[in-house]
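Undergrad: Everything below, folded, please.
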Amino acid sequence: MRIILLGAPGSGKGTQAKLLVEKYRIPQVSTGDLLREQVAAGTDLGRKAKAAMDAGQLVTDDVVLGMIQSRLAKPDAKAGFILDGFPRNIPQAQALDAMLARLGQPLQLALLVDVDTEVLLKRLTGRRTCGSCGAIYNIYFTPPKTQGKCDKCGGSLQHRSDDNEATVGKRLKVYTEQTAPLISYYKAQGKLRTARGVGKVNDIFKTISDIIEAQMRPLAGIDLGGGKPSAKAAPAKAKPAAKKPEVKKPVPVKKALKKPAPKKAAKKAPAKKPAKKKPAPKKKKAAAKPKKKK
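TA: Residues are numbered from 1 along each chain as shown. Here you go, the predicted model:
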């Protein structure tokens, strides 16, 4: 299965991506993680990305696409992948489609985790992180038992500087203007499916899993491992099996033709009975009567 996750910051798509990785055993391809890995490894793409970031510029799409292509070439991505964080706009989506088409691995599903803006604001501005163990809380939805203290280790909870209403508002505006149009883009391709991202994590995951399996089953048969749907679509040859009844139809016809044969034999039997009823002696008596008259 080849999936792209869509959703605004705070929609929870990152959490859902991790659960999908555990269930379907396919890698999550995050452009942020790829950039850090390539830079740390000092690859050609990593050096190009670092040069752009050091200059305060955005990493070019060509570099990002090159990193994604390199990642998809690894063995664990043969069965499929989950793209998270890319594309962020229509031109990137078009470039991604072209690259995946060359690789023979087109996207099969664009899954939108949909959450209302008010909920997104509370999720992002209410986030608190333990400085000791890294546990995450939310003062609106999952508050700690003791204000400002971690339930697990008692560490102090911290509020990220960029988790304020002004910064969060800007992030959501950028998403609405640049990334949200991807919803219509993938809808036009018939690949978009939507899951409400509100409620318990496991309930949301159940909804997402149902959507994925419903989408993948006709594409990849029973095996939801993605990869080569066209090869597994071969069972469509089962259609000729529907033609087998046409071969079997003549069989009952032949049997029907054989059945009348014994019936005809039964009609010949009564034909023998009239042969036994020949009144030969009666005719001789009729001939003797005129002799008495003389």
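Undergrad: quick one, domains of this structure?
TA: Domain assignment of the chain by automatic domain parsing yields the ranges 2-27+74-116+166-235, 127-162.
Undergrad: Pick the most deeply packed of those.
TA: Highest mean neighbour count among the domains of the chain (mean count of other CB atoms under 10 Å): domain 2-27+74-116+166-235, with a mean of 16. To be clear about C-beta, it is placed using only N, CA and C from the backbone, and glycine gets the same treatment.
Undergrad: Quick check: Gly126 touching Thr142?
TA: No - between Gly126 and Thr142 there is no contact under CB atoms under 8 Å: 9.0 Å.
Undergrad: Span of stretch 49-67 from start to end?
TA: 10 Å (CA to CA, to the nearest Å).
Undergrad: And the spatially most central residue of the chain, its phi and psi?
TA: The structure's the chain has its C-alpha centroid closest to Met216; by CA atoms, centre = their mean the separation is 2.9 Å. Reported as degrees, to the nearest 10, the phi and psi values for Met216 are phi -80, psi -30.
Undergrad: So it is in contact with Leu111, correct?
TA: No - Met216 lies out of contact with Leu111 (CB under 8 Å); the separation is 11.4 Å.
Undergrad: Quick check: closest non-adjacent residue to Asp114.
TA: Thr194 (5.3 Å; CB to CB, 6 or more residues apart in numbering).
Undergrad: can you tell me the helix or strand for the one you found?
TA: strand 192-196 (DSSP states H and E).
Undergrad: who does that strand pair up with?
TA: As defined by DSSP bridges, the strand partners of strand 192-196 come to strand 109-114 (parallel).
Undergrad: Quick one: mean pLDDT over the helix or strand following the partner strand.
TA: Next along the chain after strand 109-114, taking DSSP H and E as the criterion, comes helix 117-125. Mean pLDDT, computed over helix 117-125, is 94.
Undergrad: What's opposite the residue nearest to Asp114 in the beta bridge?
TA: Here Thr194 sits in beta bridges with Leu112, going by DSSP bridges.
Undergrad: who's in contact with it?
TA: 111-112, 114 (CB atoms under 8 Å, 6 or more residues apart in numbering).
Undergrad: Distance of it relative to Arg123?
TA: Thr194 sits 18 Å away from Arg123, going by CB to CB, to the nearest Å.
Undergrad: go on, Ile183?
TA: For Ile183, the distance to Arg123 - CB to CB - is 20 Å.
Undergrad: Can you classify the residue nearest to Ala180 when sequence neighbours are not counted as helix, strand or coil?
TA: Nearest residue to Ala180, sequence neighbours excluded (CB to CB, 6+ apart): Ala8, at 7.9 Å. With DSSP: H, G, I helix; E, B strand; the rest coil as the basis, Ala8 sits in coil.
Undergrad: for Ala8, phi and psi?
TA: Dihedral angles for Ala8 - degrees, to the nearest 10 - are phi -70, psi 160.
Undergrad: shouldn't it be in contact with Leu172?
TA: Yes - using CB under 8 Å, Ala8 is in contact with Leu172, at 6.1 Å.
Undergrad: any weak-confidence spans in the stretch 51-200 of the chain?
TA: Counting by pLDDT under 70, not a single residue of the stretch 51-200 of the chain qualifies.
Undergrad: Could I get the full set of strands for it?
TA: Counting by DSSP state E, counting those that start in this stretch, the stretch 51-200 of the chain has strands at residues 81-84, 109-114, 127-130, 136-138, 157-158, 192-196.
Undergrad: Select, out of those, the one closest to Glu177.
TA: With CB to CB as the measure, strand 109-114 is the member of those nearest Glu177 (16.7 Å).
Undergrad: Need the CA coordinates for the closest one. CSV is fine.
TA: Output in CSV follows, covering the C-alpha atoms of strand 109-114 (Å, rounded to 0.1, in the frame of the first residue of the first chain):
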residue,chain,number,x,y,z
LEU,A,109,-4.6,6.5,-1.2
ALA,A,110,-4.6,10.1,0.1
LEU,A,111,-5.9,9.9,3.6
LEU,A,112,-7.1,13.2,5.3
VAL,A,113,-7.3,13.3,9.1
ASP,A,114,-9.9,16.0,9.5
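Undergrad: Quick one: residues contacting the residue lying closest to Pro87 once chain neighbours are set aside.
TA: Computed as CB to CB, 6+ apart, the closest residue to Pro87 that is not its neighbour in sequence is Ala93, at 4.2 Å. By CB under 8 Å, 6+ apart, the contact set of Ala93 is 87, 182, 185-186.
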